[in-house]
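**Student:** Sequence below, structure please.
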Amino acid sequence: MAPAAKTTALSRVRAICLGLPEVVEKPFGDHTSPAFRVRDKFFVMMPDDGSSMTLKTPKGVQAILVASDPDRFFVPKYVGHIGWVGVRLDLRAQPDWGELAEMIIESYCMTAPKRLAARVAPED
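**Tutor:** Residues are numbered from 1 along each chain as shown. Modelled structure (predicted):
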């Protein structure tokens, strides 16, 4: 991934995440890679190179996404078995940032306390 693309992807993910209530960016353990948390619970993580991100998805969605576009979506190590999905950000085609923002917000809402999630959850 070119440095500018890495910076752009990270800055876009960072802006979306940090725009949500009570979100902080804090790496996991001794890692330096970006991780976004609400009330000290992860909802988005990225590798150091910014080439992808992983986030929570509702039950069954991971399989649908991976089957629909296996070049873009993947089952990540360590958290894939609990339903998280990986999203490659370094492909030739630009990510759909509207779709990714919705996915990030959904992951946030699955993680945040109900009162915080209610502040950003879409109206039904």
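**Student:** and Pro113, what does it touch?
**Tutor:** 38-39 (Cβ atoms under 8 Å, 6 or more residues apart in numbering). In this view, the C-beta of every residue, glycine as well, is placed from N, C-alpha and C.
**Student:** and if we set it to 7 Å?
**Tutor:** Pro113 makes contact with Arg39, according to Cβ atoms under 7 Å, 6 or more residues apart in numbering.
**Student:** Next: Arg14.
**Tutor:** Taking Cβ under 7 Å, 6+ apart, one finds 25, 34 in contact with Arg14.
**Student:** pretty sure Pro95 contacts Met103?
**Tutor:** No: using Cβ atoms under 7 Å, Pro95 makes no contact with Met103, being 10.2 Å away.
**Student:** Mind checking which of the two has more residues around it?
**Tutor:** Comparing Pro95 with Met103 by other Cβ atoms under 10 Å, the one with more neighbours is Met103, at 22 against 17.
**Student:** Contact partners for that one?
**Tutor:** Neighbour list for Met103: Leu55 [criterion: Cβ under 7 Å, 6+ apart].
**Student:** let's see it at 10 Å
**Tutor:** By Cβ atoms under 10 Å, 6 or more residues apart in numbering, Met103 lies in contact with 16, 44, 53, 55-57, 61, 65, 73, 85, 87, 96.
**Student:** Surely it is within a helix?
**Tutor:** Yes: when DSSP: H, G, I helix; E, B strand; the rest coil is applied, Met103 is found to be in a helix.
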